[in-house]
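> Next input, structure requested:
(one chain, ligands or ions: 2)
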Amino acid sequence: MAMAMAMAMGFATAVKFKASSIINNSDHNHALDASYVKRAAELSDKSAGFTSPHPNFGCVISTTSSSRNVVGEGYLYAQGTKPAEVQAVEAAGEYCRGATAYVNMEPGDCDGDNTALSALIQAGISRVVIGIRHPLQHLRGKAIQALRSEGLQVDVLGEDLRSVSMEDALKSCLLVNAPLLYRSASRVPFSVLKYAMTLDGEYHTITIIFIQTCYICTISSPFLTGKIAASSGHASWISSKKSRSRVFELRGRSDAVIVGGNTVRKDNPRLTPRHGGGHLPMRIVMSQTLDLPEVANLWNVTVVPTIVVTQRGARRSFQKVLASKGVEVVEFDILNPKDVVDYLYDRGYLSILWECGGTLSASAISSGVIHKVHAFVAPKIIGGKNAPSPVGELGMVEMTQALDLIDVSYEQIGPDMLISGYLQPIPDLTPVIPSVDETSAIDPSLSPYDSPIIFFYKTWDPYGSFSNFSPHPIKMPDENGGYVTWSSVEHYYQAHKFVGSSDPNAQNYIQEIFLSKSPEEAARTGRKLQREHPDMVRCDWENVKTDVMYRALKCKFLMNPHLKSMLKSTVGCVLVEASPHDLFWGGGRDGEGLNYLGRLLMKLRSEFLSDDDDTLNPPQVSTTCEDT
Ligand SMILES: NC(=O)C1=CN([C@@H]2O[C@H](COP(=O)(O)OP(=O)(O)OC[C@H]3O[C@@H](n4cnc5c(N)ncnc54)[C@H](OP(=O)(O)O)[C@@H]3O)[C@@H](O)[C@H]2O)C=CC1
Ligand SMILES: Nc1c(N[C@@H]2O[C@H](COP(=O)(O)O)[C@@H](O)[C@H]2O)[nH]c(=O)[nH]c1=O
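Ligands and ions are numbered 1, 2, ... in the order given. Here you go, the predicted structure:
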């Protein structure tokens, strides 16, 4: 509580260590590095529940002498407050010189002044051990590179340091910033479903093993279900006071708490965190009917705001009543959990707590929006055939369909058991596009972790000339030994789907694409003809298409020396076509695409760099099934 108050008042959160009280560490191996990174992760979590759930940063500084004493610690209280690294450096003082700093996550930088990095560098830190790279693409790898360029040794867990203890520390770093990792990887906020349930289902044997089994079955089985309320709908309270205090903390760690309309009707909840100050999450009610009471605790928005999300056109008069009380109403064409979380993502939310009943939780689980589950199981039996259960109908009929939770943990809270686990693994943001091995195979000078990524897509982007839609004609050999000038790489590529086909109509298709007025039109026409006449596409298209593209690209860059120079100037960078839809040529929305266009450009770049004697001879292209 004292700590909470100190933090709420904005006091510095650094912990000073006296040289005399330093813990003596005699172990010099990886395990010690891992334990300090883990400590940094633990520290970073200290502000959770008191600040908005923004990235959590912690820092531990230890000497590199044989004792490897901890000399400073710090953690970020909130965005805009003193960085963890600065606090740890201040706490360690003169002990920083030659020391090692451990951080759970690569430092980010909001202001462009790199306060955290300067503190480490100026204090004379010689080594930095980093748990995970920054999950945000524009920050990932930047601080690591900057520190290395200043001569500091930087070791990243899983890249430079690998061992069982490192894996454990890495996991702590992932868990502590799970909301940001999910948000960055999946473009949805991190969603946690929490409920309190009784012990009784259709089968009951009161042992811990039963509880564990019961928990997993609760999510999935029509045979074993605890109750989240009595048959009447009365639910206060199932879990103990101690458990409910934990729920207040969970609320404080979230950007929003969601319930359904029926929970508002039955419980008249407040949904506030009442754990001694700190962050107040937005309260959200999902109601299709908008058949909600005129007077409710949630309509009192003096301290915390409430948003009601509803179906377009639902009870407009009631919408006005809500608006008059200061409640925001947002309409959706079809109200569903996925669209709601997408909307909340756009509003910048990182973490959502679902405190709804079984109907809405089933809908949320089925929509794939729930990442984690917290089930508070109370040693109570309420019975009742119609008493509601935590998760409604999921359409599963066999236990083999049950959703298995990952990383399940069990914690006793007062008389209750809190069982937690993940429904979706924490995303791995490490691989860049293309993967580690492939990147260095294409261009050995590239480091898959440290090379900056250049994204290009639209022709008006800074590197838009790399797009196949760029207006650069190419002169390519034809079947008769002459040359044909195609309006763009895209024209040439699309037409070559039909080159060499024995069907006479193929010539018409090639002509139609050739005459297309723009690269967009060529792409549209080529794709349409391929869709409508798959039998007309050359039989070896899948095998030759990258070769066709490579030759067209080579011609474009050879015929346009300024483009070639531009390509060469990107040396050291990974090139990615930022197409969210094309998972073969593009990198996809989240790096799931194969990025073959980027790969071909990197291959060409390597060739151009190693061969400065290029001539303007357009390359030969294969045009039939036989000669490819
Ligand atoms: N023990 C516990 O942890 C908890 C217990 N409860 C208890 O559960 C009971 C309420 O359960 P339940 O009715 O399932 O819960 P909810 O009210 O939380 O969810 C159902 C309601 O959500 C709204 N909704 C909006 N969109 C959807 C959608 N796409 N799919 C499903 N529902 C949607 C509807 O509201 P509308 O009808 O207004 O359109 C619907 O009636 C109460 O007795 C309450 O006390 C509730 C929460 C936690
Ligand atoms: N019954 C029940 C819970 N119910 C949840 O808590 C909400 C009430 O919150 P508040 O009005 O802020 O106290 C209620 O609407 C429902 O979402 N939670 C629990 O931890 N344990 C319980 O036994």
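> what's the neighbour count on the residue lying closest to Ala235 once chain neighbours are set aside?
Once flanking residues are discounted, Ala235 sits nearest to Ala229: 3.7 Å by Cβ to Cβ, 6 or more residues apart in numbering. Just so you know, the C-beta spots here come from the backbone N, C-alpha and C atoms, and that holds for glycine as well. For Ala229, the count of nearby residues is 23 (other Cβ atoms under 10 Å).
> Check Gln511 too.
Neighbours of Gln511 using other Cβ under 10 Å come to 11.
> hang on, the earlier thing: pLDDT at the residue nearest to Ala235, what is it?
Listed pLDDT for Ala229 reads 86.
> Surely it is within a helix?
No - counting by DSSP: H, G, I helix; E, B strand; the rest coil, Ala229 falls outside a helix, being coil.
> Could I get the phi/psi values of it?
Main-chain dihedrals, Ala229, degrees, to the nearest 10: phi -170, psi 170.
> Hmm, it is touching Asn386, no?
No - counting by Cβ atoms under 8 Å, Ala229 stays clear of Asn386, with 10.2 Å between them.
> Please name the nearest non-neighbouring residue to the spatially most central residue of the chain.
When Cα atoms, centre = their mean is applied to the chain, the residue found nearest the centroid is Ala185 (2.2 Å). Of all residues not flanking Ala185 in the chain, Pro427 sits nearest, at 3.5 Å (Cβ to Cβ, 6+ apart).
> ok, the one you found - contacts?
Taking Cβ atoms under 8 Å, 6 or more residues apart in numbering, we find Pro427 in contact with 181-182, 184-186.
> Please check those and keep the buried ones.
181-182, 184, 186 (16 or more other Cβ atoms under 10 Å).
> ok, the residues you listed vs ligand 1, which is closest?
Closest approach to ligand 1 among the buried ones among the contacts of Pro427 (Cβ to the nearest ligand atom): Ser186, at 19.8 Å.
> any idea how far the closest one lies from Arg524?
Between Ser186 and Arg524 the computed distance is 30 Å (Cβ to Cβ, to the nearest Å).
> what does Asp582 give?
Taking Cβ to Cβ, one finds Asp582 at 14 Å from Arg524.
> Ser409 now?
For Ser409, the distance to Arg524 (Cβ to Cβ) stands at 52 Å.
> sorry, back to before: mind putting the buried ones among the contacts of Pro427 in TSV, pLDDT included?
Converted to TSV, the buried ones among the contacts of Pro427 look like this (pLDDT from 0 to 100):
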residue	pLDDT
Leu181	90
Tyr182	89
Ser184	83
Ser186	82
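> Kindly reformat the residues you listed as CSV containing secondary structure and distance to Val295.
Putting the buried ones among the contacts of Pro427 into CSV (DSSP: H, G, I helix; E, B strand; the rest coil; distance: Cβ to Cβ, whole Å) gives the following:
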residue, secondary structure, distance to Val295
Leu181, helix, 41
Tyr182, helix, 37
Ser184, helix, 41
Ser186, helix, 38
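> So which of these is the closest to Val285?
Val285 lies nearest to Tyr182 out of the buried ones among the contacts of Pro427, by Cβ to Cβ, at 23.5 Å.
> Please name the nearest non-neighbouring residue to the closest one.
Closest to Tyr182 by Cβ to Cβ, 6+ apart is Phe190, at 4.3 Å.
> My guess is that neighbour contacts Ser351. True?
Yes - between Phe190 and Ser351 there is a contact under Cβ under 8 Å: 4.7 Å.
> what sits in contact with each of the two?
Pro179.
> helices and strands around the lengthiest helix in the chain, which ones?
Looking across the chain with DSSP state H, the single longest helix is helix 541-559. Judged by 3 or more Cβ pairs under 8 Å, 6 or more residues apart in numbering; DSSP states H and E, helix 541-559 is in contact with strand 474-477, helix 489-495, helix 561-569, helix 596-610.
> In CSV: these, plus mean neighbour count and mean pLDDT.
Shown next, in CSV, are the helices and strands packed on helix 541-559 (neighbours: other Cβ atoms under 10 Å; pLDDT from 0 to 100):
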stretch, mean neighbour count, mean pLDDT
strand 474-477, 19, 96
helix 489-495, 26, 97
helix 561-569, 14, 96
helix 596-610, 20, 94
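> quick one, which of the ones you listed is nearest to ligand 2?
Closest among the helices and strands packed on helix 541-559, once you apply Cβ to the nearest ligand atom, is helix 596-610, at 47.3 Å.
> Tell me the helices and strands packed up against that closest one.
Helix 596-610 packs on helix 436-442, helix 541-559, helix 561-569, strand 574-577, going by 3+ Cβ pairs under 8 Å, 6+ apart.
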